[in-house]
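A.B. asks: Pasted the sequence and its predicted model underneath.
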Amino acid sequence: MTTQPSNEPDTVVPTCYRHPGRETYVRCQRCDRPICPDCMRDAAVGFQCPECVAEGNKGMRQAQSVFGGRAVTTPRVTWALLVVNILAYAAETANTDWVLDNFVMSAYDVGYQGEWWRLITGAFLHQPLGDGGFALTHIVFNMWALYAIGPELERRLGSARFLALYLLAALGGSVAVYLFGIAAVGASGAIYGMFGALFVLAKKLGYNAQGVLWLIGANAVITFVVPGISWQGHLGGLITGALVAAILAFAPARNRSAIQWGGCAAVLIVLVALVLGLPPFAVQAELGIFG
């Protein structure tokens, strides 16, 4: 018995290369593999698969901020710093004595007890609520300044560079307290560093910096008129922030990232060297230690 061949050709229904159980007649415009609706990515013509889209994105140049960092749409570092400061204040309020005893910026403890972490942790603490009428104003002003100025600086510099600026300015303020003060708390060193950076960036971009000068001047007057304010932390943060901003803003386009990060590293090394190489002068004077 013989059979006649069928006139109907054998057909194989294509299935998605990523989901073999799903039938599809759509193919990637780039690699021609079949893709299901979950794997379709809009392209200029038709659709592409996720792998081809990812491969294509590798060759695309990432958008950058004015001074070389990645473009910022949402200032996440600013919001994160706000949260950290507020959480630190909540912890300080809940257990004031323990937090201040262990984390306040104390020149004696840094210089003679080796408690280096205080150089940074002190910049996230503020005057406790029971410490006079200025206490709440202290954190409110600093957080308002961070909220008002931080997003603009982060968008101009990029998130990583802005974070470096903030932390180095905070450290610069603490180093000044170490050298010429006794103890201090507050993000004011970092905030004044942002003031200095805002002035430098305004000059670099050709903006009118008169408003920033008035802001710095008004706060400088408050620093020296209102008792109990650490002028050392404010001045150290202002100088450090302006210096770091100048490195970031005036680095030449060629090898800009290397120069920017190298400059930030150099500032960090200098600040650490000051603490390692010099004693806390104000503490020595208070304790009657000479030489």
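C.D. replies: Arrived safely, thanks for sending.

A.B. asks: now the strands for the stretch 1-150 of the chain?
C.D. replies: Using DSSP state E, counting those that start in this stretch, the strands of the stretch 1-150 of the chain run over residues 41-42, 47-48, 105-106.

A.B. asks: With respect to Ala169, which of the ones you listed lies nearest?
C.D. replies: The closest of those to Ala169 is strand 105-106. By Cβ to Cβ, the value is 13.9 Å. C-beta coordinates here come from the backbone N, C-alpha and C atoms, glycine included.

A.B. asks: just to revisit the earlier point, would you mind giving the strands of the stretch 1-150 of the chain as CSV with distance to Arg155 added?
C.D. replies: Output for these, formatted as CSV (distance: least, Cβ to Cβ, whole Å):
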stretch, distance to Arg155
strand 41-42, 28
strand 47-48, 31
strand 105-106, 30
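
A.B. asks: Let me know which of those strands is tucked in deepest.
C.D. replies: strand 105-106 (a mean of 28; mean count of other Cβ atoms under 10 Å).

A.B. asks: now it, how far from the centre of its chain.
C.D. replies: 23 Å (Cα atoms, centre = their mean, to the nearest Å).

A.B. asks: Over to stretch 84-99?
C.D. replies: With Cα atoms, centre = their mean, you get 21 Å for stretch 84-99.

A.B. asks: do the same with stretch 25-33
C.D. replies: Chain-centre distance of stretch 25-33: 42 Å, with Cα atoms, centre = their mean.

A.B. asks: what mean pLDDT does it have?
C.D. replies: Averaging pLDDT along stretch 25-33 gives 86.

A.B. asks: Can you point out the buried residues in that stretch?
C.D. replies: Val26, Arg27, Cys28, Gln29, Arg30, Arg33 (16 or more other Cβ atoms under 10 Å).

A.B. asks: Report the separation between the two terminal residues of it.
C.D. replies: Terminal residues of stretch 25-33 are spaced 10 Å apart (Cα to Cα, to the nearest Å).

A.B. asks: Spatially central residue in the chain, please.
C.D. replies: Residue closest to the mean C-alpha point of the chain, counted by Cα atoms, centre = their mean, is Leu163 at 2.0 Å.

A.B. asks: Can I get the strands of the stretch 1-150 of the chain in CSV including distance to Gln113 and mean pLDDT?
C.D. replies: Converted to CSV, those look like this (distance: least, Cβ to Cβ, whole Å; pLDDT from 0 to 100):
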stretch, distance to Gln113, mean pLDDT
strand 41-42, 58, 80
strand 47-48, 61, 84
strand 105-106, 8, 96
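
A.B. asks: Which one of these lies nearest to Ala63?
C.D. replies: Nearest to Ala63, of all the strands of the stretch 1-150 of the chain, is strand 41-42, at 19.9 Å by Cβ to Cβ.

A.B. asks: Quick check: Leu268 touching Leu171?
C.D. replies: Yes. Judged on Cβ atoms under 8 Å, Leu268 makes contact with Leu171 at a distance of 7.4 Å.

A.B. asks: So if I had to pick from these two, which one is more boxed in?
C.D. replies: Higher neighbour count among Leu268 and Leu171: Leu171, with 24 against 16, using other Cβ atoms under 10 Å.

A.B. asks: what sits against that one?
C.D. replies: By Cβ atoms under 8 Å, 6 or more residues apart in numbering, the contact list for Leu171 reads Leu119, Ile120, Ala123, Gly189, Thr240, Leu268, Leu271.

A.B. asks: can we see that at 10 Å?
C.D. replies: By Cβ atoms under 10 Å, 6 or more residues apart in numbering, the contact set of Leu171 is 119-120, 123, 189-190, 193, 236-237, 240, 267-268, 271-272, 275.

A.B. asks: and if you look at Asp101?
C.D. replies: By Cβ under 10 Å, 6+ apart, the neighbours of Asp101 are Asn95, Asp109.

A.B. asks: Buried residues in the helix or strand encompassing the residue nearest to the centre of the chain, which are they?
C.D. replies: Following DSSP states H and E, one finds Leu163 within helix 159-180. Residues 159-180 are the ones in helix 159-180 that count as buried (16+ other Cβ under 10 Å).

A.B. asks: Show the residue spans covered by the helices in the stretch 1-150 of the chain.
C.D. replies: Under the criterion DSSP state H, counting those that start in this stretch, the stretch 1-150 of the chain contains helices at 50-58, 76-94, 96-103, 107-113, 118-121, 134-157.

A.B. asks: before we move on, back to that, buried ones only from the contacts of Leu171, please, as a PyMOL command.
C.D. replies: Here is the PyMOL command that picks out the buried ones among the contacts of Leu171, judged by 16+ other Cβ under 10 Å:
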select buried, resi 119+123+189+190+193+236+237+240+267+268+271+275
